[in-house]
Structures are given as C-alpha cells and as structure tokens.
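Q: Starting from these lines, generate the structure:
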Amino acid sequence: MAASAEQALRHECAPGQRRSGWLALVLLLLSVALLMVGASVGSTGWESVLRMRDDAMAWQIVMDIRLPRSLGAWLAGALLGLAGAVAQGLFRNPLADPYLLGSASGASLGSAVGLVLMGSSLTSLSLVYRLGMTGMAFAGAACAVGLTVVLARNVQNTLRLLLAGVIVGVVLGAVRDLLELKHPDILQAMQAFTLGTSAFVGWEGCALMGGVLLVCALATWACSRVLDGLTLGEATATSLGLPLTQLRYGLVAVLALATGTSVAQTGLIAFVGLAAPHLVRSLVRIGHGRSTLLAAAMGGTLLLAADILARWLVAPQELPVGVLTAALGGTYLLWRMHRSTRAAGAM
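A: From the prediction side, this is the model:
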C-alpha cells in the first residue's frame, strides 16, 4: 500500500518536474533584476548607482542601505513563503499561513518587551541593539509556538493545534497591547513593526536570515516525504513507515524558526506566506520537496517587488510594505475565490 501510494504521487507530479525547473529559472532571473532595481530606488535614484565608484556617499547609500534592504526583503519573503508552504502542507489547508501558531503575536510581544528594556527607537545603528531586538522577537515567536504545542498536548490533532494557536495569538496580543498602554513611548516604534518594513534591515540581518533560510530549506527537504504523505491522508502518511510524530515536531520547529526570524527583521508582513504557495501550485504540480523551495523563491520575489513598489509609489515618502502586501494579497485571493466560485457554478 505504501509503495503504491508513493508511485501514485510520483506519477501525479511527474509532468511538473520540467516546469518547476523553468519556474525556478524565471524566479531567479526576476530576483536578480529586482535586486538591481532595488539598488536604484531612493531619493537620488540611479544617480547614486552611477556615481558610486567616485563618490563615497553614493557608495554608502547603495552598498549599506539599498542593497541590504532589498536583499533583506527577498530573504524575509523567502522565509515566509517557505513557512507558508510548510503550514499548508502540515495542516492540509490551503488557507493556512505562517502566523497560525501564534508566532506573530509572540514576536510582537517580544519586540515590545525589547523596546521597553533597550529603548524606543527602531533606528538605532548599534549592533548590540539590533541583535537584542532580533533575539527578543525570535524568542517571543518561539515561546508562542511552544506554548501552542503544550496547550494542544501534541501535534497529532491538527484542529486542536490550530485552535490553541488562535488562543495563544489573542492572549499574547492582549498582553502586548497592555504593555503599550503602560509604556506609550514605544507606540510609534511598534506601529512601524506591526505595519511591516524592511527599512531597518542591514547586512547582519541578511546574514542571519540567509543562514536560517538554508537550515529551514534543508530541514523541509528532509521532511518532504511526510508532507507528501499527508497530502494523501493521515492513514497513507502512517503507512509510509515514517516517524510521523517526530517529523511533525520538526516541521513545527521549522515553521516557528522561519516565521520568527522573518518577523524579527521586518515586522508583520501579511499575505506573502499565504499567496506564494498558492501561486506555485497554480503554475506547477510537484511534490513538497521542490514546491516548498519554489514557494520560498516566489515569496522572496513577491516581497522584494512589493518593497520596491512601496518605496516608489509616493516617493520621496514610502508606504509600509506590510500594508501594500495586505492590499495586493487580499485582492489576489478575492479574485481566486471569485474564479473558483464561478468554476463551481459552471459545473
């Protein structure tokens, strides 16, 4: 039975193997092109890029501000795309997103605590400050996911896990609001965090997100068989002879690590983790080993494009990228719902 299930899955995904290679190439080329565009978007435009060899200030603008910001947006989007693909595969729900297990509320609470302890400005250039804020946000996300798993008692019952995540998210969000009321000086900094922005990402943040993305991608690839098995049902996944409980804990850890790291660097970015796996599935049909990596590349491309658009639309001002992704992502999902409803009606 296990062998036949695996063969059926391979047969179903075989036509998408070649298309997945082309999609990966297209996303790579788009990412490189967008990074080049991101290096030119700013108050001085292409002028800084053209003068960077001879002008120390232009070099600093491009190399220390624009490039790490653009690369950081791509890496944060890639982490959210990968986490979204893991969440949708783990919970067997195409509407699952990376924030389901309370990680967003935990990261927000951790950031609020960090602002109270270390100061209320997100623009500090101190490396210790940056690492401290990142650590607090990630610790908050990890604790929230851990609390969710404890309340759910195990990761076997996905419905109980989802309900526990909702409860933890609401409670931790309330604690964060109370902390903001007690310390109103952090409200402005927390607003930037909750709206989402890549403006404060530096090379250190890029290195951190790149390392975490590599670890999460390798772990997800190693656990891809259990995600493929869950696609065919709980009984099929068990029949494959995999240590299902242990691998589920591993996938929950990947979900927490990817989401917490991204949120710690850029704040709350809506819809990227939900839309990226949807776009990949609409273009290719392959197993989770490749689809999660493609979802990561798609998420990075989407967030980088949205970040460039947020900087360019009302220049020299800029929109919070989280607001833009929410508007664009919500529109896309409404269109998908309308299309699926019309298709169902036609049948």
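
Q: CA only for contacts and neighbour counts going forward, please
A: Fine.

Q: Against Gln317, how distant is the nearest residue to Phe271 once chain neighbours are set aside?
A: Across the structure, with C-alpha to C-alpha, 6 or more residues apart in numbering as the measure, the residue nearest Phe271 apart from its sequence neighbours is Gly329 (5.3 Å). Separation of Gly329 from Gln317 (C-alpha to C-alpha, to the nearest Å) stands at 22 Å.

Q: ok, now Ile269?
A: Ile269 sits 19 Å away from Gln317, going by C-alpha to C-alpha.

Q: The two - which one has more neighbours?
A: Under the neighbour definition other C-alpha atoms under 10 Å, Ile269 and Gln317 were set side by side, and Ile269 has more, 28 against 11.

Q: Can you tell me the closest non-neighbouring residue to that one?
A: Excluding its sequence neighbours, the residue lying closest to Ile269 (C-alpha to C-alpha, 6+ apart) is Gly322, at 4.5 Å.

Q: Quick one: residues contacting that neighbour.
A: Under the criterion of C-alpha atoms under 8 Å, 6 or more residues apart in numbering, the contact partners of Gly322 comprise 195-197, 268-270.

Q: Can you give me the distance of it to Phe193?
A: Distance, Gly322 to Phe193, using C-alpha to C-alpha: 9 Å.

Q: what sits in contact with each of the two?
A: Both Gly322 and Phe193 are contacted by Leu268, under the criterion C-alpha under 8 Å, 6+ apart.

Q: that older thread, which residues does the residue nearest to Phe271 contact?
A: 270-272, 275.

Q: and the next element down the chain from the lowest-mean-pLDDT helix or strand in the chain?
A: Ranking every helix and strand in the chain by mean pLDDT, DSSP states H and E puts helix 2-13 at the bottom, with a mean of 51. On the C-terminal side of helix 2-13, the closest following helix or strand by DSSP states H and E is helix 16-38.

Q: ok, and what's touching that next one?
A: Applying C-alpha under 8 Å, 6+ apart, the contact partners of helix 16-38 are 66-67, 70-71, 74, 284-286, 290, 294, 297-298, 300-301, 304-305, 308.

Q: What residue, apart from its backbone neighbours, is nearest the residue minimising distance to the centre of the chain spatially?
A: Most central in the chain under C-alpha atoms, centre = their mean is Leu80, positioned 1.2 Å from the mean C-alpha point. By the measure of C-alpha to C-alpha, 6+ apart, the closest residue to Leu80 outside its immediate chain neighbours is Gly273, 4.6 Å from it.

Q: Helix or strand: which one has the one you found?
A: Here Gly273 sits within helix 272-283, counting by DSSP H and E.
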